[in-house]
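Q: my questions concern the predicted model and sequence given below.
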Amino acid sequence: MKPKILIIKKLPDYVKEYIGNYCDYEIAEDAGYDNIINKIHDKDGLLLAGTKIDKNLLEHAPKLKVVSNISVGYNNFNIEDMKEKNIIGTHTPGVLNDTVADLIFGLILSTARKLPEMDRYVKDGKWNKQDESIIFSKDVHHSTLGIIGMGRIGETVAKRAKYGFDMDVLYYNRNRKYDTEKNMGVKYADLNDLLKQSDFILIMTALTDETYHMIDEEQFNLMRSDAILINASRGATVNEKALIKALNEKKILGAGLDVFEKEPIEKDNPLLKMSNVVLLPHVGSATIKTRNDMARLAAENLIAALKGEVPPNVVPELK
Ligand code: DGY
């Protein structure tokens, strides 16, 4: 008998075919937590992105062996609960690095050069030669980029910054990356120095108990008044209330955000009314090719686990 799996995401046909060779699958696109619980009692595997995997859900899944995330982030996994039940957890690192790094540069350029605001200015028929005060903005080239979290994506951004935009790159990371420092000329800085010196502060660290709200009021107080905060990791690495306060009080110049504490963003979030922010709906990896590659890799991880092999991308804490 083939193993049974539950798929919570829209997948390309070729990935469904690949899965179908090894598994019987049920698709419940974008099903929420409660809906998943109702369907999971007879499933050996789960393929999804973002749904909380905790003790309660696992108690409804007596046969479950593997949860395969179609994302590189895995803050949806309760690692202790998964360890206790011997559940394999996998993710999709690598295939999205360039796509996310491109989007981060889109955010840097959009925020610094005010691209969405300029677009509105032209389309609203406000372009005239009498008052040009609105058009002036901040340079990206030859400025300083501070990267918090120098993982695979951080390094891919650093490459663009160094070689494409002649930027000075500082980074802060749990472990020093001596090879990257040597090969790319990026410099390690402690967090406070990075915050004080950078024109652009990019948060690329995974969301964990340690990184929850790591950028809070105290950190905003250290930043330059012309600094721009870019977050493409997880919303909760930044205390959003402190960010809104810093923007309102002009402690920083602006922010480019692909992630939020609550997604989709709440309708009354003050960020929606601010002109010095650029907001995106968590689309870092969302090109057709990259999302397809992520789906394929997640399917490979899932099937390897169901065949009793060690999947190529088990999350580090569950190895
Ligand atoms: C990831 O892969 O973690 C991206 O943020 C998309 O969810």
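A: Looks like it arrived, so ask away.
Q: got a pLDDT number for the residue nearest to the spatial centre of the chain?
A: The centre of the chain sits closest to Ser233, judged by Cα atoms, centre = their mean, with a distance of 3.3 Å. Per-residue confidence (pLDDT) for Ser233: 97.
Q: what do you get for Asp131?
A: So Asp131 comes in at 78 (pLDDT).
Q: please renumber so the chain begins at 59
A: Yes, from this point I'll number from 59; that puts the last item at Asp189.
Q: what about the strands in the stretch 159-308 of the chain?
A: Secondary structure of the stretch 159-308 of the chain by DSSP state E, counting those that start in this stretch: the strands cover 202-206, 226-230, 245-246, 258-261, 286-289.
Q: ok, and what's touching the fourth one?
A: When you say that, I think you mean strand 258-261. 162, 166, 170, 198, 201-207, 212, 215, 252-253, 272-273, 281, 285-291, 295-296 (Cβ atoms under 8 Å, 6 or more residues apart in numbering). The C-beta positions use only the backbone N, C-alpha and C, and glycine is treated the same way.
Q: try the first one
A: Under the criterion Cβ under 8 Å, 6+ apart, residues 166, 212, 215-216, 219, 225-231, 244, 247, 249, 252-253, 255-263, 272-273 lie in contact with strand 202-206.
Q: hang on, Leu287 packs against Lys309?
A: No: using Cβ atoms under 8 Å, Leu287 is not in contact with Lys309; the gap is 10.4 Å.
Q: neighbour count: these two, which is higher?
A: Neighbours per residue, other Cβ atoms under 10 Å: of Leu287 and Lys309, the larger number sits with Leu287, 26 against 18.
Q: what's the nearest residue to the more buried one if we skip its chain neighbours?
A: Ala313 (4.5 Å; Cβ to Cβ, 6 or more residues apart in numbering).
Q: so how far is Leu165 from the one you found?
A: For Ala313, the distance to Leu165 equals 9 Å [Cβ to Cβ, to the nearest Å].
Q: any residues in contact with both of these two?
A: Joint contacts of Ala313 and Leu165 (Cβ under 8 Å, 6+ apart) are 288, 336.
Q: ok, and what's touching stretch 369-377?
A: Applying Cβ under 8 Å, 6+ apart, the contact partners of stretch 369-377 are 124, 126-127, 132, 135, 137, 140-141, 145-151, 355, 358-360, 362-363.
Q: before we move on, what about stretch 345-365?
A: Contacts of stretch 345-365 (Cβ under 8 Å, 6+ apart): 61, 63, 67, 69-70, 72-73, 76-77, 80-81, 102-103, 105, 123-124, 126-129, 146, 148-150, 152-154, 157, 343, 368-372.
Q: the spatially closest residue to Val198 that is not a sequence neighbour: neighbouring residues, count only.
A: Excluding the flanking residues, the one nearest Val198 by Cβ to Cβ, 6+ apart is Ala170, at 5.0 Å. Residues near Ala170, counting by other Cβ under 10 Å, number 23.
Q: repeat for Asp182
A: Neighbours around Asp182, by other Cβ under 10 Å: 8.
Q: for it, give its distance to the ligand.
A: Remark: distance between Asp182 and the ligand (Cβ to the nearest ligand atom, to the nearest Å) = 33 Å.
Q: and the pLDDT at that residue?
A: 94.
Q: what sits against Asp139?
A: Contacts of Asp139 by Cβ under 8 Å, 6+ apart are 111-113, 116.
Q: most distant residue from the middle of this structure?
A: Gln188 (41.8 Å).
Q: circling back: which one of the strands of the stretch 159-308 of the chain lies closest to Ile192?
A: Checking those against Ile192 by Cβ to Cβ gives strand 286-289 as the closest, at 17.4 Å.
Q: still on that earlier bit, contact partners for the residue nearest to Val198?
A: 195-198, 258, 286, 312.
Q: would you format these as CSV with distance to Lys184, neighbour count and pLDDT included?
A: Below are the contacts of Ala170 laid out as CSV (distance: Cβ to Cβ, whole Å; neighbours: other Cβ atoms under 10 Å; pLDDT from 0 to 100):
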residue, distance to Lys184, neighbour count, pLDDT
Ser195, 16, 16, 97
Lys196, 21, 17, 98
Asp197, 24, 10, 98
Val198, 24, 21, 98
Phe258, 28, 27, 99
Ile286, 24, 27, 99
Gly312, 20, 22, 98
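Q: which one of these is nearest the ligand?
A: Nearest to the ligand out of the contacts of Ala170 is Phe258 (Cβ to the nearest ligand atom; 19.3 Å).
Q: dig out what the nearest residue to the closest one once chain neighbours are set aside forms beta bridges with.
A: Nearest residue to Phe258 in three dimensions, chain neighbours excluded: Leu203, at 4.8 Å (Cβ to Cβ, 6+ apart). On the basis of DSSP bridges, Leu203 is bridged to Val227, Phe258.
Q: quickly note the distance from Leu203 to Leu165.
A: From Leu203 across to Leu165, the span is 12 Å (Cβ to Cβ).
Q: the two: who's more crowded?
A: Per other Cβ under 10 Å, whichever of Leu203 and Leu165 has more neighbours is Leu203, with 27 against 23.
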